[in-house]
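task: produce atomic coordinates for the following.
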Amino acid sequence: MSYIELFDDNFNEEVINEKEMPVLVDFWAPWCQPCQMLAPVIDELADELDGTVKVCKLNCDEAGEKAMENGVMSIPCMILFVGGEEKERLVGLHSKDEIISFIENNR
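Numbers count the residues shown, from 1 in each chain. Presented below is the predicted three-dimensional model:
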């Protein structure tokens, strides 16, 4: 399974209302070079974590309201939501192993 694309109108349904599994949201933009470098890692994580972690992407240019509501000031920014609440965030370009550790340490 691939990642879920988030917009202002489906954010609450896919992230806030998800109570069964953690949700990793990648806040990104098409003009952001580190975001582009992170994209294949997010794709891999979505496949590898399918069924245990919901992986989502939110384009800050298209869904700026939700990015602002979540206090996203720098991208890429990954926020892990557990039970609909922000648990922790990871800002900047990180390796797949670092992101997996981040998720495991904050479930």
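
ranges for the strands of this structure?
4-6, 23-28, 54-59, 77-82, 85-91 (DSSP state E).

any idea how far stretch 2-14 is from the middle of the chain?
Between the centre of stretch 2-14 and the centre of its host chain there is 10 Å, according to C-alpha atoms, centre = their mean, to the nearest Å.

just to revisit the earlier point, most packed of the strands of the chain?
strand 23-28 (a mean of 25; mean count of other C-beta atoms under 10 Å). All C-beta atoms are positioned from the backbone trio N, CA, C, and that covers glycine.

list the contacts for Glu88?
Shown in contact with Glu88 (C-beta atoms under 8 Å, 6 or more residues apart in numbering): Ile79, Leu80, Phe102, Asn105, Asn106.

go again with 7 Å.
Leu80, Asn106 (C-beta atoms under 7 Å, 6 or more residues apart in numbering).

coming back round to it: out of the strands of the chain, the one nearest Ala67 is which?
strand 23-28 (5.5 Å; C-beta to C-beta).
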